[in-house]
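> below are the sequence and a predicted model; questions follow.
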Amino acid sequence: MTRRRKQNIKLALVCAILGAIVLMTIFAPWLAPYDPLEVNMELRLLDPCRAHPLGTDDVGRDLLARLLCGGRVSLLIGLCSAALSALVGIPLGLLAGYRRGAWEFCLMRLADVFQSFPSIVLVLCLVSLVGPFALNLVLVLGLLGWTGIARLVYGNTLSVREKEYVLAARALGGRTGRILRSNVLPNVIAPVWCALPLRAGRAILSESSLSFLGVGIRTPQASWGNLIQYAASLPVLTGRPWVWVPPGLCIILTVLCLQGIGDGLRDALDPRYGGHRGK
């Protein structure tokens, strides 16, 4: 079996696993027909059974319903914040790499300032200020994550701007916006597609960490992070693993799948990493 075929099989596998997780969160009302926010003290602390496969929590909410609906929240935060980082980082990286001069100095020094702060401390402070809501988490994680995307685009733009086709377009009087859109961007965007799944995975981990610490998504709204928060209680940690193991496994599987997709895209788009080698 060639190396390329093995890479294709691996990429198809991780895409299938991630697709299954996404579909489960989308069809959550049919897979777990319970309201994830409904409190029923008569059903509190049930062990797994046919009616409630993952049991119930301390106020009688179905844990499977909360796991699936919480996955929807965590995935949306991860994917949307990665998209926002790209929307901010790509144009800034293009401008810094193509215009150089003052644009390069100001934008790259701004990126240095953002990267000089411990990220978890900065995120904690900002989320505490704006409030622990899903939209606020997307904005905070997305706007703080633009630096990696911008530096990636900036480095590739520095190389592409000296290519013959860009110099020819400039000599023919092409406007900067048109040159960036038609000649530069298509030739620097490939590494961004590889970085976006990794960025989404880091955002999911950040959201889970914040929710576990109590400053992210808060109960009664569910997310994978605040479901794991139950593990902070020793009786739950040792006696009720079905409460916190499933969301932990979902986080691990999702992040690993996103990393696998990023690696697969890198191998497919950049032959230097072995995507087009033989055996």
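Right, received. Where do you want to start?

> ranges for the helices of this structure?
In the chain, the helices defined using DSSP state H lie at 3-26, 28-31, 63-99, 101-116, 119-130, 134-144, 146-160, 164-171, 176-179, 185-188, 190-213, 224-228, 234-239, 241-269.

> save those helices as a markdown table, and put in distance to P53 too.
Just so you know, the C-beta spots here come from the backbone N, C-alpha and C atoms, and that holds for glycine as well. Below are the helices of the chain laid out as a markdown table (distance: least, C-beta to C-beta, whole Å):
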| stretch | distance to P53 |
| --- | --- |
| helix 3-26 | 13 |
| helix 28-31 | 10 |
| helix 63-99 | 5 |
| helix 101-116 | 43 |
| helix 119-130 | 33 |
| helix 134-144 | 26 |
| helix 146-160 | 39 |
| helix 164-171 | 58 |
| helix 176-179 | 55 |
| helix 185-188 | 47 |
| helix 190-213 | 22 |
| helix 224-228 | 15 |
| helix 234-239 | 18 |
| helix 241-269 | 9 |
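
> pick the most buried one from the ones you listed.
Mean neighbour count, computed with mean count of other C-beta atoms under 10 Å, is highest for helix 224-228 among these, reaching a mean of 26.

> list the contacts of that one.
By C-beta atoms under 8 Å, 6 or more residues apart in numbering, the surrounding residues in contact with helix 224-228 are 63, 66-67, 70-71, 74, 204, 207-212, 214, 216-219, 243-244, 247-248, 250-251.

> what average pLDDT does it get?
In this model, helix 224-228 has a mean pLDDT of 90.

> just the CA atoms of that helix, as CSV, please.
Extracted in CSV, the C-alpha atoms of helix 224-228 (Å, rounded to 0.1, in the frame of the first residue of the first chain):
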residue,chain,number,x,y,z
TRP,A,224,-18.7,19.6,26.9
GLY,A,225,-16.5,21.7,29.3
ASN,A,226,-19.1,22.3,32.0
LEU,A,227,-20.2,18.7,31.8
ILE,A,228,-16.7,17.7,32.8
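
> so who does L139 touch?
Counting by C-beta under 8 Å, 6+ apart, L139 has contacts 84, 130.

> give me the pLDDT value at it.
Turning to L139, the model gives it a pLDDT of 92.

> ok, it to F133 distance?
From L139 across to F133, the span is 10 Å (C-beta to C-beta, to the nearest Å).

> hang on, the earlier thing: the helices of the chain: which one's closest to D57?
helix 63-99 (5.9 Å; C-beta to C-beta).

> now that closest one and helix 134-144, what's the angle there?
Angle between the axes of helix 63-99 and helix 134-144 is 30 degrees (criterion: axes from the mean of the first three to the mean of the last three C-alpha atoms, to 10 degrees).

> what's near enough to touch the residue nearest to G97 when sequence neighbours are not counted?
Nearest non-adjacent residue to G97, counting by C-beta to C-beta, 6 or more residues apart in numbering: T157, 2.8 Å away. Applying C-beta under 8 Å, 6+ apart to T157 gives the contacts 93-94, 96-98, 184, 188.

> which of these sits closest to R266?
Within the contacts of T157, proximity to R266 (C-beta to C-beta) peaks at V188, which comes in at 14.6 Å.
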